[in-house]
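Undergrad: one predicted model, sequence on top.
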Amino acid sequence: MKPPENYGPELAALTDRLTKSVGQLAQMGLADIGACDHETVLTGEGFRLLRYGSGAERADQCAVLIVYALVNRPWVLDLEPGRSTISRLLGSGMDVFLIEWEDPQDEDQDRGFSDYACRMLDECVDKVSALRGESTVNLLGVCQGGTFSLCYTALYGHKVRNLVTMVTPVDFHTADNVLSKWVRKVDLDRLVGCYGNVPGALLNALFLSLQPFRLGSKKYLDLVDLANDPEGLRTFARMEHWIADSPDQAGRAFREFVGALFQRNALIAGELVLDGKVVDLGDVRCPVLNVYALADHLVPASASRALADHVASTDYSELSFDGGHIGIYVSRDAQEKVPPAVAAWLQQRP
């Protein structure tokens, strides 16, 4: 096909706009992430428990403990003013807590799946209960943190009042789960034996390769339109900062999580053992709200919707969002819809 006669000028204009955007981005430096004030209310082995907001009125508000994944930083939930799930929850009258997982060191290679989903999570649940003067907590589990929360609720259901899962994998072997198909044949013993703690950069490269055009070249084409748009450039910089800042994974926990769930689908099969006990999703009897994204390339909606067939809750609801795995946290549409809906659902179940 013969290129149009004005192809040269258009390419030059495109290059000029991209150069201008990149130059303006470089002048901004590293963008700060996080919009909401918070305090550390508990420090434990491998984690910090944060509480957001301030004021005595928090004691009268409905509380929620957010359990995020290990593979990324939780700050995507508080990216910037106007794109903060945490800010929206606070604005909806919630008392918000969040577990910040600490990066594993060489001596933490033997930290396991149960350490995260049972021991550390249980310490945080007990602290929130003590601070609130309540015997049970509301859990909001995000992605892998949702799987942790499901397991915890199945084993320690007497401590969980309500459970919200967000873009949470449950059935890891659905036909459209590309990530699962890729890692099913990985020799986990060899991988962990080579690295000890699995490098975050390695995992980040894997995630980006699932959609190489959209997560690679396309975003730089989008950058062309951000010349002379400081706010858009700051959002772009914050997202790039978050995407690139992937923590390492404790070797044993990575091997156990990927082996049991991605490779053997043990949660659905009723064969997952944590803290010496079998995790039976039929033991999840509290109210459950299952939130998922219809265009999620990491956790397909089918992998999340499977939850309905396995829990014993008589109060089970679903909330679907027409977007992707990251968009459900940061897009303008999601900000208007998802956090207020989650807050309202929890507040109706005191």
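TA: In hand now; what should we look at? Just so it is clear, the model here is predicted, and its values are computed rather than measured.

Undergrad: do a quick rundown of the helices in the stretch 201-350 of the chain.
TA: 218-223, 230-244, 251-257, 266-269, 301-305, 327-330, 332-347 (DSSP state H, counting those that start in this stretch).

Undergrad: and the ones you listed: which comes nearest residue 166?
TA: helix 327-330 (7.0 Å; C-beta to C-beta). (Glycine included, C-beta is placed from N, CA and C.)

Undergrad: now the closest one: buried residues?
TA: 327, 328, 329, 330 (16 or more other C-beta atoms under 10 Å).

Undergrad: excluding chain neighbours, what is closest to residue 316?
TA: Leaving aside its chain neighbours, residue 316 sits nearest to residue 288 (5.0 Å; criterion: C-beta to C-beta, 6 or more residues apart in numbering).

Undergrad: burial measure for the one you found, as a count.
TA: Counted with other C-beta atoms under 10 Å, residues neighbouring residue 288 total 23.

Undergrad: hang on, the earlier thing: least confident of the helices of the stretch 201-350 of the chain, on average?
TA: When the helices of the stretch 201-350 of the chain are compared by mean pLDDT, helix 218-223 comes last with a mean of 66.

Undergrad: I figured residue 349 hits residue 163, correct?
TA: No: if you go by C-beta atoms under 8 Å, residue 349 and residue 163 don't touch, sitting 10.4 Å apart.

Undergrad: who's more crowded, the two?
TA: Taking neighbours as other C-beta under 10 Å, residue 349 and residue 163 compare with residue 163 leading, 28 against 13.

Undergrad: and that one, what element?
TA: strand 160-166 (DSSP states H and E).

Undergrad: convert the helix or strand following that strand to PDB, retaining C-alpha atoms only.
TA: Of the helices and strands lying after strand 160-166 in sequence (DSSP H and E), the nearest is helix 178-183. Coordinates of each C-alpha in helix 178-183 appear next as PDB, following Å, rounded to 0.1, in the frame of the first residue of the first chain:
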ATOM      1  CA  VAL A 178      -3.800 -17.100  29.900                       C
ATOM      2  CA  LEU A 179      -1.500 -16.500  32.900                       C
ATOM      3  CA  SER A 180      -2.500 -19.800  34.400                       C
ATOM      4  CA  LYS A 181      -1.700 -21.700  31.200                       C
ATOM      5  CA  TRP A 182       1.700 -20.000  31.000                       C
ATOM      6  CA  VAL A 183       2.800 -20.900  34.500                       C
END
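
Undergrad: thanks again, I'm all set now.
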